[in-house]
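Visitor: Sequence first, then the predicted structure:
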Number of protein chains: 2
Amino acid sequence: MLIKLARLCYKGEVPKVVDAEARRRVVAEAVFRVVRAQGLDQASLRNVAEEAGLAVGSVRHYFADHDELLAFALEELVGRVDRRVMARVARVRAASTPEERFAGVEGLLGELLPLDPDRHDEAVIWLEFSHAARTRPALRPAARRIHEGIRMVVGRVLASAGVPDVPVETERLAALLDGLAVDAVLQPDLTTPDLMRAVLRRHLAGLRPGGRGPL
Amino acid sequence: MLIKLARLCYKGEVPKVVDAEARRRVVAEAVFRVVRAQGLDQASLRNVAEEAGLAVGSVRHYFADHDELLAFALEELVGRVDRRVMARVARVRAASTPEERFAGVEGLLGELLPLDPDRHDEAVIWLEFSHAARTRPALRPAARRIHEGIRMVVGRVLASAGVPDVPVETERLAALLDGLAVDAVLQPDLTTPDLMRAVLRRHLAGLRPGGRGPL
């Protein structure tokens, strides 16, 4: 989209570096749309190129092979979630009351749940990639980084809040977030954003016994 | 396997009803092995027949089409988990102390987690089917029944224990079980049986505040 607009406005040559970067992003967005609608198995170079409105040869110019294309798309997804989480971390740090802090942590962890259409799409794509990684070794390192990244974020939140037994509590909260995301992807009419918020709030409240605990 | 043994021992005709039932089970087992090793997309009639050591025509004789084959296999899986859960329910009911009851509930819910190789295989197959149901409408009713079945079991356990706000707590515990199962399927070396047991125990302990609660 961006690159198309750029082309329309430019009279001369589009600078090469910007062009390559933007073009790769356009292709990654097309990967997301194909994976969301038809599943990862349908995200062939041909289908992705068609979805992006590009020739297959043009896509091949920017990605050495299919695995590189998928890996780049997944990194794009991770980067997007990362930026949102980082913005939330800053808000938690700036909190001046326990209530502000609790709301901040809830908002931060909510970035990992499919609470709106964009995050729902991200969860669908995450599950497609993670699931495919079971039988496609090339996707495993990226799926692993996402799994560990979620635990790193959750673990830091719990540790900085002084929750006891961080390793088990991290796995419990991360598995809960994973389970809610999977359930929302597979049964979206049952696992609604309101239900997910209520579950997350209950869980966090349980980490501050008597309302005077660390969170 | 059973049917093969029966054939070896029989001199006359194998009774037709037994034969059909046993043969369908043999085919379902072959579905499980193909799905586990290669993913659901590879569970074609041809591949399943080959895995079962049968001619494709023979498999077609017992199943009207591919969807019926997959649906039967999924029902087999559900029946297997059901029988184990029911046996555990009887033990919880027979518990005479709170400790016995807690251990019984932990054992019952553990039947829904991939704590041993058989249950791990079941979780792999569950995720393959549930995931495929997102883009294959024919599989959705069965995937839905499993989703709701888990919530029915969890909801009854929590309600009979007198846990407050059963709807939200049911979703929280069911999502946790789903998340642990997905994580164990996708990252088996990180999400070990010991870790899953520790997480489940912590969660159940959190449902009886101060150790004197209902669970």
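Guide: In hand now; what should we look at? Numbers count the residues shown, from 1 in each chain, chains lettered A, B, ... in the order given.

Visitor: switch to C-alpha atoms for all contacts and neighbour counts from now on
Guide: Noted.

Visitor: quick one: is stretch A:103-120 near chain B?
Guide: No: using CA under 8 Å from any CA of the partner chain, stretch A:103-120 stays clear of chain B, coming no nearer than 12.4 Å.

Visitor: Give me the distance between the two termini of that stretch.
Guide: 21 Å (CA to CA, to the nearest Å).

Visitor: And the residue nearest the centre of chain A?
Guide: residue A:81 (4.5 Å; CA atoms, centre = their mean).

Visitor: Against residue A:110, how distant is it?
Guide: In terms of CA to CA, residue A:81 sits 11 Å off from residue A:110.

Visitor: pretty sure the residue nearest to the centre of chain A is touching residue A:113, no?
Guide: No: assessed by CA atoms under 8 Å, residue A:81 is found out of contact with residue A:113, at 10.4 Å.

Visitor: Pretty sure residue B:199 is one of the things residue A:172 touches, is it not?
Guide: Yes: between residue A:172 and residue B:199 there is a contact at 5.6 Å, judged by CA under 8 Å.

Visitor: When those two are compared, which one has more neighbours?
Guide: The neighbour comparison of residue A:172 against residue B:199 (other CA atoms under 10 Å in any protein chain shown) goes to residue A:172, with 26 against 23.

Visitor: That one: what's it in contact with?
Guide: Contacts for residue A:172 (CA atoms under 8 Å, 6 or more residues apart in numbering or on different chains) come out as B:176, B:199, B:203.

Visitor: Against which helices or strands is the top helix by length along chain A packed?
Guide: Ranked by residue count, the top helix of chain A under DSSP state H comes out as helix A:66-94. Judged by 3 or more CA pairs under 8 Å, 6 or more residues apart in numbering or on different chains; DSSP states H and E, helix A:66-94 is in contact with helix A:16-38, helix A:98-110, helix A:140-160.

Visitor: check contacts around residue A:132.
Guide: When contacts are counted by CA under 8 Å, 6+ apart, residue A:132 touches A:40, A:139.

Visitor: Going by secondary structure, it is in what exactly?
Guide: helix A:117-133 (DSSP states H and E).

Visitor: For that helix, give the mean pLDDT please.
Guide: This predicted structure assigns helix A:117-133 an average pLDDT of 91.

Visitor: and what of stretch A:145-156?
Guide: 94.

Visitor: How many residues are close by residue A:124?
Guide: 24.

Visitor: For the closest residue to it other than its chain neighbours, give its distance to residue A:126.
Guide: Excluding the flanking residues, the one nearest residue A:124 by CA to CA, 6 or more residues apart in numbering or on different chains is residue A:185, at 5.8 Å. As judged by CA to CA, residue A:185 and residue A:126 stand 10 Å apart.

Visitor: Where does pLDDT dip in chain A?
Guide: Where chain A drops to pLDDT under 70, the residues are A:1-18, A:209-215.

Visitor: and it, what are its domains?
Guide: Split into domains by automatic domain parsing, chain A comes to A:1-63, A:71-215.

Visitor: Pick the most deeply packed of these.
Guide: When these are scored by mean count of other CA atoms under 10 Å in any protein chain shown, the highest mean neighbour count falls to domain A:71-215 (a mean of 18).

Visitor: Within range of chain B, give me the residues from chain A.
Guide: Checking chain A against chain B by CA under 8 Å from any CA, the hits are A:37-39, A:130-131, A:133-135, A:144, A:168-169, A:171-172, A:175-180, A:182-183, A:185-187, A:195, A:198-199, A:203, A:206.

Visitor: now do 7 Å
Guide: A:38-39, A:130-131, A:134-135, A:168, A:172, A:175-176, A:178-180, A:186, A:198-199 (CA under 7 Å from any CA of the partner chain).

Visitor: Go through these and name the one nearest residue B:30.
Guide: Proximity of the residues of chain A next to chain B to residue B:30 (CA to CA) peaks at residue A:135, which lies at 18.0 Å.

Visitor: Let me see the contact set for the closest one.
Guide: Each residue near residue A:135 by CA atoms under 7 Å, 6 or more residues apart in numbering or on different chains is listed here: residue B:38.

Visitor: Just want the residue of chain A that's nearest chain B.
Guide: When scored by CA to the nearest CA, chain A has residue A:179 as its residue closest to chain B, at 3.5 Å.

Visitor: OK, contacts around that residue?
Guide: With contacts defined as CA under 7 Å, 6+ apart, the neighbours of residue A:179 are B:175, B:176, B:178, B:179.

Visitor: again, only this time at 8 Å
Guide: Per CA under 8 Å, 6+ apart, neighbours of residue A:179: B:175, B:176, B:177, B:178, B:179, B:180, B:182.

Visitor: ok, so of the residues you listed, who is nearest chain A?
Guide: Comparing those against chain A with CA to the nearest CA places residue B:179 closest, at 3.5 Å.

Visitor: picking that back up, can I assume the residue nearest to residue A:124 is in contact with residue A:117?
Guide: No: contact criterion CA under 8 Å: residue A:185 and residue A:117 do not qualify, at 11.1 Å.

Visitor: how close does the residue nearest to residue A:187 when sequence neighbours are not counted get to residue A:189?
Guide: Leaving out its chain neighbours, the residue that sits closest to residue A:187 by CA to CA, 6+ apart is residue B:144, at 7.5 Å. Relative to residue A:189, residue B:144 is positioned 11 Å away (CA to CA).

Visitor: rewinding a little: using CSV, please lay out the helices and strands packed on helix A:66-94 together with distance to residue B:154.
Guide: Listed next are the helices and strands packed on helix A:66-94 as CSV, based on distance: least, CA to CA, whole Å:
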stretch, distance to residue B:154
helix A:16-38, 31
helix A:98-110, 24
helix A:140-160, 26
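
Visitor: And those: which comes nearest residue B:67?
Guide: Among the helices and strands packed on helix A:66-94, helix A:16-38 comes nearest to residue B:67, with 18.5 Å by CA to CA.

Visitor: Does anything pack onto the closest one? Which helices or strands?
Guide: Against helix A:16-38 (3+ CA pairs under 8 Å, 6+ apart) you get helix A:2-9, helix A:45-52, helix A:56-62, helix A:66-94, helix A:117-133.

Visitor: could those helices be laid out in TSV, adding distance to residue B:25?
Guide: Formatted as TSV, these follow (distance: least, CA to CA, whole Å):
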stretch	distance to residue B:25
helix A:2-9	55
helix A:45-52	38
helix A:56-62	45
helix A:66-94	38
helix A:117-133	27
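
Visitor: Out of those helices, the one nearest residue B:67 is which?
Guide: Nearest to residue B:67, of all these, is helix A:117-133, at 21.4 Å by CA to CA.

Visitor: where's the closest one relative to the chain centroid, distance-wise?
Guide: Relative to the chain's own centre, helix A:117-133 is displaced by 7 Å; criterion: CA atoms, centre = their mean, to the nearest Å.
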